[in-house]
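Asker: return a 3D structure for these sequence lines:
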Amino acid sequence: MGYKFEIMTQEQAEEIAYNWHYNAEYSFYDMVADKEDLVEFLEAQKRGDSNFFVTKDKEAIGFYTFNEVANNTIDIGLGMRPDLTGNGNGLGFVQAGLDFAKSKYRPEKITLSVATFNQRAIKIYSEIGFDEVDTFIQETNGSRFEFMRMLYRC
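Answerer: Here you go, the predicted model:
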């Protein structure tokens, strides 16, 4: 079986928010690290039908968020279950998300933003075909962080 995308339930959102904890510098991605993001992630009405829980062979793998940001452009956010990161699972997970986005939304472009310290994610995104657009500073998690905006042309 392949990857399966289903609209995220409240139970799944709470599981991710409260029980998925990343190691060392990657704890930056813990949902509880940013209260505003946490509230938005846990509020079903704000999640709407743009957040998807991803399984592979009935096992929880991660999640994706898809938001139309411009005509024919989808911005994605994603997270992989912490114990699966850094073990060679990222390429397949990201490719599955792109395939899903292309079939569901039919965009011309897909964008994402990634913290610049996250070189292992940037490497995967680059391998798949994302190009760096620019960098920007964003206030989040109680501080200021540099992010890279990346673009994929479908």
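Asker: and the longest helix for this protein?
Answerer: helix 90-105 (DSSP state H).
Asker: and the nearest residue to Met150 once chain neighbours are set aside, how far from Glu40?
Answerer: Nearest non-adjacent residue to Met150, counting by Cβ to Cβ, 6 or more residues apart in numbering: Phe130, 4.1 Å away. Where you see a C-beta, it was placed from the backbone N, CA and C, and this is true even at glycine. The gap separating Phe130 from Glu40 is 24 Å, by Cβ to Cβ, to the nearest Å.
Asker: more neighbours: which of those two?
Answerer: Phe130 (22 against 14; other Cβ atoms under 10 Å).
Asker: quick one, what contacts the more buried one?
Answerer: Counting by Cβ atoms under 8 Å, 6 or more residues apart in numbering, Phe130 touches 112, 150-152.
Asker: residues contacting Val39?
Answerer: By Cβ under 8 Å, 6+ apart, the contact list for Val39 is empty.
Asker: report the beta-bridge partners for Phe145.
Answerer: Judged by DSSP bridges, the bridge partners of Phe145 are Gln138.
Asker: isn't it right next to Asn118, touching?
Answerer: No - look at Phe145 against Asn118 with Cβ atoms under 8 Å: they stay out of range, at 10.2 Å.
Asker: mind checking which of the two has more residues around it?
Answerer: Taking neighbours as other Cβ under 10 Å, Phe145 and Asn118 compare with Asn118 leading, 17 against 14.
Asker: quick one: the more buried one from Tyr18, how far?
Answerer: Computed as Cβ to Cβ, the Asn118 to Tyr18 distance reads 22 Å.
Asker: equivalent analysis for Tyr125, please.
Answerer: If you measure Tyr125 against Tyr18 using Cβ to Cβ, the figure is 27 Å.
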